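Visitor: following is a predicted model, sequence given first.
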Amino acid sequence: QKEVEQDPGPLSVPEGAIVSLNCTYSNSAFQYFMWYRQYSRKGPELLMYTYSSGNKEDGRFTAQVDKSSKYISLFIRDSQPSDSATYLCAMTEFGNEKLTFGTGTRLTIIP
Amino acid sequence: GAGVSQSPSNKVTEKGKDVELRCDPISGHTALYWYRQSLGQGLEFLIYFQGNSAPDKSGLPSDRFSAERTGGSVSTLTIQRTQQEDSAVYLCASSPEEGASIGTDTQYFGPGTRLTVL
């Protein structure tokens, strides 16, 4: 069993819809949770970063962490075609530089 | 400013040959990371450098893989006697600080080197 599980999709939604992306994990020591966005043939770029449990909002994006359930989510409101990309969750322990990634969910926003 | 750069962008090699992949981190970044991204596998951590030393090599899959960093800047990942299962995108990332005191640092990724072993 992988430490981080993520539905690979692909996921297609119409423009303007709310998108929900999720990851589950097994390592209770994970404390830092990130979402990266990766466009085709590009390196991942950091989208959201959350410490421990709770919510964090940045524009159209909201990251949620539920450590009791070992479950994290990324919500995208008013989705745009430019949001079409692969979304990777990543997490790490305190003081550990090694990121553990999910496999990524490929998202397509249909105009 | 300039981001992380990697070269070559694409590399096709024959099974059994050695390859070298290069990473130029963002200027001033002390930490450097190598990851491998295979189809359907997500990003797999390979090695981490702090300055020129590698405190964590735990992700290197075999002794055919090695990496070095010189001058606290450029890093080279070398794969000897390449195998078809080595085909993947090799990504390099850098971050600005040691990070241990604040938990973690944002890692900035390069575009990757796509390696194909025939």
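Guide: Looks like it came in fine. Numbering: from 1, shown residues only, chains lettered A, B, ... in the order given.

Visitor: for chain A, what's the nearest residue on chain B?
Guide: Nearest residue of chain B to chain A, counting by Cβ to the nearest Cβ: B:Phe109, 3.3 Å away. For the C-beta atoms, the positions are set from N, CA and C on the backbone; glycine is no exception.

Visitor: once you drop chain neighbours, what's closest to that residue?
Guide: What sits nearest to B:Phe109 in space, not counting adjacent residues and going by Cβ to Cβ, 6 or more residues apart in numbering or on different chains, is A:Gly43, at 3.3 Å.

Visitor: pLDDT value on the one you found, please?
Guide: With respect to pLDDT, A:Gly43 has a value of 93.

Visitor: ok, now the one 10 residues further on?
Guide: According to the per-residue confidence, A:Ser53 scores 82 in pLDDT.

Visitor: which other helices and strands contact whichever strand or helix holds A:Trp35?
Guide: In this structure, A:Trp35 sits in strand A:30-38 according to DSSP states H and E. Secondary-structure packing of strand A:30-38 (3 or more Cβ pairs under 8 Å, 6 or more residues apart in numbering or on different chains; DSSP states H and E): strand A:45-51, strand A:61-66, strand A:85-93.

Visitor: just name the most buried of the ones you listed.
Guide: Greatest average neighbour count among those goes to strand A:85-93 (a mean of 23), per mean count of other Cβ atoms under 10 Å in any protein chain shown.

Visitor: what residues does the helix or strand just after it touch?
Guide: Tracing the chain past strand A:85-93, the next element assigned as helix or strand by DSSP H and E is strand A:100-101. The contact list for strand A:100-101 (Cβ atoms under 8 Å, 6 or more residues apart in numbering or on different chains) reads A:3-4, A:25, A:27, A:30, A:36, A:88-92, B:35, B:42-45.

Visitor: which residues touch whatever residue of chain A ends up closest to chain B?
Guide: Of all residues in chain A, A:Gly43 sits closest to chain B, at 3.3 Å by Cβ to the nearest Cβ. The contact partners of A:Gly43, taken as Cβ under 8 Å, 6+ apart, are B:Val4, B:Leu91, B:Ala93, B:Phe109, B:Gly110, B:Pro111, B:Gly112.

Visitor: same check, this time on B:Asn10
Guide: With contact taken as Cβ under 8 Å, 6+ apart, B:Asn10 is in contact with B:Thr113, B:Arg114, B:Thr116.

Visitor: so which strand or helix has the nearest residue to the last one once chain neighbours are set aside?
Guide: This points to B:Thr116. Spatially, and ignoring its direct neighbours in sequence, B:Thr116 is nearest to B:Val12 (4.7 Å; Cβ to Cβ, 6+ apart). Element membership for B:Val12, per DSSP H and E: strand B:10-13.

Visitor: partner strands of that strand and their direction?
Guide: Paired neighbours of strand B:10-13 in the sheet (DSSP bridges): strand B:113-117 (parallel).
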